[in-house]
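Peer 1: kindly generate the corresponding structure for this input.
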Amino acid sequence: MTADPVVVEVGDVLTETLDRVLVITINRPSVRNAVNTSVAHGIGSALDRLDADESLSAGVLAGAGPSFCAGMDLKAFLAGERPTVPGRGFAGLVERSSDKPLIAAVDGAAVAGGFEIVLACDLVVASRAASFGLPEVKRGLVAAGGGLLRLPQRIPYQLAMELALTGDRIDAVRGAELGLVNRLTEPGQARQVAVELAASISRNGPLALRATKQILRQARDWPTDEFFGRQAALTEPVRSSADAKEGARAFKERRDPVWSGR
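Peer 2: Numbers count the residues shown, from 1 in each chain. Next up is the predicted model:
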């Protein structure tokens with residue numbers, strides 16, 4: 001990884017580039033990284049950069065301090081803020097995340113909108129100090145940031161229903177048992193392990209990564225008899241790309257491929 005990465009601050013969000021990985025950090029530890037308008041636009045801006053920059057292949061989303069994210073900043077909400085980004089939704093990502101793989105690095109609590117941010121990511125690395133929950137019903141509210149859509153896709157339906165209706169939390173160990181968490185770490189190590197996982201992903205062909213993520217995300221809504229036709233529309237451009245030829249050539253020559261993104 002780069003020895004001295006450059007950290008860029010956009011509102012309450014920090015970004016830094018580590019080789020082909022963009023690390024995005026919500027930087028409001030004094031309020032448990034609660035999402036205000038500044039955070040939403042900072043995350044949205046970072047994802048726009050991740051999508052547009054051909055030198056980047058994957059992203060990591062983390063929280064500063066002991067919590068990942070406590071959800072929406074209620075004080076900011078009462079002051080009239082709406083922490084959404086047009087086209088991306090709450091927190092700048094729950095309605096449309098990155099086109100490239102995005103990993104949530106969770107230390108501490110990820111609750112309410114914070115859990116919905118995690119669910120909007122593609123993979124989850126969590127420390128044993130992490131916990132997850134949708135407590136909105138305890139406050140007479142509904143988890144409207146995508147949690148009720150995505151949670152039953154990640155864990156068994158009955159358990160998703162239980163978590164959503166009780167508002168209770170689960171810890172990271174239970175989350176790993178249910179398949180919600182990809183990698184379980186010791187406290188304080190989630191970010192490092194998430195970056196390592198992102199680096200492993202980013203060594204692969206960028207065109208192939210985008211198409212693979214797009215197929216995995218969309219295929220559940222495709223009719224079975226249309227699956228291969230719709231898949232071909234996304235895979236054939238990759239198959240005929242310069243990167244596909246480079247991948248085969250590198251394999252034959254027993255060397256690492258040099259991707260061009262074309």
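Peer 1: so what touches the helix or strand of the chain with the lowest mean pLDDT?
Peer 2: Of all regular secondary-structure elements in the chain, judged by mean pLDDT, DSSP states H and E, the least confident is strand 7-10 with a mean of 85. Applying CB atoms under 8 Å, 6 or more residues apart in numbering, the external contacts of strand 7-10 come out as 14-16, 27, 41-42, 45-46. (Each C-beta comes from the backbone N, C-alpha and C, glycine too.)
Peer 1: buried among these? Make that a ChimeraX selection.
Peer 2: Buried residues within the contacts of strand 7-10, by 16 or more other CB atoms under 10 Å, are selected in ChimeraX with:
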select :14,15,16,27,41,42,45,46
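Peer 1: which ones among the contacts of strand 7-10 lie within helices?
Peer 2: Within the contacts of strand 7-10, membership in helices is found for 41-42, 45-46, as judged by DSSP state H.
Peer 1: adding distance to G167, write the residues you listed out as TSV.
Peer 2: As requested, these are arranged in TSV below (distance: CB to CB, whole Å):
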residue	distance to G167
H41	29
G42	28
S45	32
A46	30
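Peer 1: so can I have TSV of those showing pLDDT and distance to V124?
Peer 2: Formatted as TSV, the entries for these read as follows, by pLDDT from 0 to 100; distance: CB to CB, whole Å:
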residue	pLDDT	distance to V124
H41	97	24
G42	97	21
S45	97	23
A46	97	18
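Peer 1: tell me the one of these nearest A199?
Peer 2: Proximity of the ones in helices among the contacts of strand 7-10 to A199, judged by CB to CB, is greatest for A46, which lies at 17.8 Å.
Peer 1: let me see the contact set for that closest one.
Peer 2: Applying CB under 8 Å, 6+ apart to A46 gives the contacts 10, 13, 15, 22, 24, 59, 92.
Peer 1: at 6 Å what do you get?
Peer 2: With contact set as CB atoms under 6 Å, 6 or more residues apart in numbering, A46 has these partners: 15, 24.
Peer 1: that older thread, check the contacts of strand 7-10 and tell me the two furthest apart.
Peer 2: E16 and H41 (18.1 Å).
Peer 1: now do P237: how many residues are near it, please.
Peer 2: By the criterion of other CB atoms under 10 Å, P237 has 12 neighbours.
Peer 1: distance check, it against A199.
Peer 2: The span separating P237 from A199 equals 26 Å under the rule CB to CB, to the nearest Å.
Peer 1: spell out the secondary structure type for A129.
Peer 2: Remark: A129 carries the secondary structure label coil [criterion: DSSP: H, G, I helix; E, B strand; the rest coil].
Peer 1: what about the closest residue to it other than its chain neighbours, how many neighbours?
Peer 2: If the residues on either side of it in the chain are set aside, A129 comes closest to P187, at 4.1 Å by CB to CB, 6 or more residues apart in numbering. Close neighbours of P187, defined as other CB under 10 Å, add up to 13.
Peer 1: ramachandran coordinates for P187?
Peer 2: phi -50, psi 140 (degrees, to the nearest 10).
Peer 1: find the nearest non-adjacent residue to the most centrally placed residue in the chain, please.
Peer 2: Within the chain, the residue whose C-alpha comes closest to the C-alpha centroid is C121; the distance, by CA atoms, centre = their mean, is 2.5 Å. Spatial nearest neighbour of C121, excluding adjacent residues (CB to CB, 6+ apart): A104 at 4.0 Å.
Peer 1: returning to that earlier point: walk me through which strands the least confident helix or strand of the chain pairs with, and which way each runs.
Peer 2: Applying DSSP bridges, strand 7-10 is found paired with strand 13-18 (antiparallel).
Peer 1: buried stuff in stretch 205-218?
Peer 2: Neighbour counts over stretch 205-218 (16+ other CB under 10 Å) mark 205-213 as buried.
Peer 1: perfect, that will be all.
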